[in-house]
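Trainee: Fold the following and give me the result.
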Amino acid sequence: MRSARKRGPMRASQGSEREPTAAERLAGTPWAPLLEGFKDYLTVERGLAANSVAAYGRDLVQHAAFLLHQGVREPQSVKESHILAFLGSLRSASAATRLRKTAALKAFCRWMAREGTISADPTANLAAGRLTQRIPTTLTVEEVIRLLVQPDESKRGLRDRALLELLYATGLRVSELVNLRIADVNLQVGFVRCTGKGGKERIVPLGKHAAQAVTKYLETRSDARAALFPGYKGKPLTREGFWRLLRRYATAAGIDKPVTPHTLRHSFATHLLQGGADLRAIQEMLGHASISTTQIYTHVSADHLREVYRSTHPRA
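Mentor: Below is the predicted model of the structure:
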């Protein structure tokens, strides 16, 4: 005879309970308020962008969770050996990841020492290290043109062409591009106003082809939204959304190299330099604080340098 008793909902076994995240393990420890204070310092005093602050936060949460696992709860108890043990646990990570985490740790410990939280900086003898600077992928002018003509004349296609033309014409970062407002673009005078890293505003010239593409796109707009490129159902276009459409058009154009928004930014700078633009002017347009950063973006091929030499040197 079957039992009439109803079965209650099955409970998850104790072994299947979710493990707390690293951030959750820090709650109630001295590390939690310290990390929040450091992130406030990065935002307010250093003026770092939100993405950079979040990256610092993730790296330092991982480090603090490692220390807790080692039984180190107080910042004053951290020694250089603890730092080295943490970095040693990252052997499987890429060189870039290890260097980034090292830089985050050094900045955090310097800040704690200045604030008087710790009496000595345990990272003082730790070398920051440097990565060998890698030349990003660049497109030829012919490849860029093939890419720019891929969008069709539909409403969506006109928007996509305006996006691609504007990115190549200005060299904006993708985050700067998707956050543009209509009021930031002056089509009559030909410039774009954008806010870059650290909240710094800059003005970048706008070429006629990009201006024409943006004008045609805006003629399809009947809404009153302030965003220049609103995304799906009126929400702002995301960086990920732009990456997807860029990859789709790059494939359609038959470009067999990796193409990212950064590729177009690098191509913008490289083509300007090949055309004779001044390095300082390119630095201003890219929004770089240091000219050394610009030199990475403006790599010129040896063939082009030889051609410039032959056409300009009197004894070539």
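
Trainee: Show me the helices in the stretch 1-150 of the chain, by range?
Mentor: Assigned by DSSP state H, counting those that start in this stretch, the helices in the stretch 1-150 of the chain fall at 22-26, 31-44, 50-69, 80-88, 95-115, 141-148.

Trainee: of these, which approaches residue 193 most closely?
Mentor: helix 50-69 (19.8 Å; Cβ to Cβ). Any C-beta I mention is one placed from the backbone N, CA and C, and that applies to glycine too.

Trainee: packing partners for that closest one?
Mentor: helix 22-26, helix 31-44, helix 80-88, helix 95-115 (3 or more Cβ pairs under 8 Å, 6 or more residues apart in numbering; DSSP states H and E).

Trainee: Just give the number of residues close to residue 45.
Mentor: 9 (other Cβ atoms under 10 Å).

Trainee: distance of it from residue 202?
Mentor: Residue 45 sits 21 Å away from residue 202 when distances are taken as Cβ to Cβ, to the nearest Å.

Trainee: on that earlier part again, and the helices of the stretch 1-150 of the chain, which one is worst for confidence?
Mentor: Least confidently modelled of the helices of the stretch 1-150 of the chain is helix 22-26, at a mean of 79 by mean pLDDT.

Trainee: Identify the residues contacting it?
Mentor: By Cβ atoms under 8 Å, 6 or more residues apart in numbering, the surrounding residues in contact with helix 22-26 are 32, 35, 61, 62, 64, 65, 68.

Trainee: mind giving me the domain ranges of the chain?
Mentor: According to automatic domain parsing, the chain comprises the domains 21-115, 141-312.

Trainee: would you turn these into a markdown table with distance to residue 125?
Mentor: Formatted as a markdown table, the domains of the chain follow (distance: least, Cβ to Cβ, whole Å):
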| stretch | distance to residue 125 |
| --- | --- |
| domain 21-115 | 7 |
| domain 141-312 | 26 |
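
Trainee: so which of these gets nearest residue 126?
Mentor: Closest among the domains of the chain, using Cβ to Cβ: domain 21-115, at 6.4 Å.

Trainee: What's the end-to-end length of that closest one?
Mentor: 28 Å (Cα to Cα, to the nearest Å).

Trainee: how far out from the middle of the chain is it?
Mentor: Relative to its parent chain, domain 21-115 has a centroid offset of 20 Å by Cα atoms, centre = their mean, to the nearest Å.

Trainee: and what of stretch 150-165?
Mentor: With Cα atoms, centre = their mean, you get 24 Å for stretch 150-165.

Trainee: Could you confirm residue 165 falls within a strand?
Mentor: No: using DSSP: H, G, I helix; E, B strand; the rest coil, the assignment for residue 165 is helix, not a strand.

Trainee: please begin residue numbering at 228 from this point
Mentor: New numbering, starting at 228: the last item is residue 392.

Trainee: and residue 433, how many neighbours does it have?
Mentor: Counted with other Cβ under 10 Å, residue 433 comes out at 20.

Trainee: Which residues are in contact with it?
Mentor: 393, 396, 397, 412, 413, 414, 417, 418, 419.

Trainee: Which strands or helices does the stretch of helix or strand the last one belongs to pack on?
Mentor: When secondary structure is defined using DSSP states H and E, the element that contains residue 419 is strand 418-422. Applying 3+ Cβ pairs under 8 Å, 6+ apart, one finds that strand 418-422 contacts helix 382-397, strand 412-413, strand 428-432.

Trainee: Which two of the contacts of helix 249-253 have the greatest separation?
Mentor: 259 and 289 (14.0 Å).
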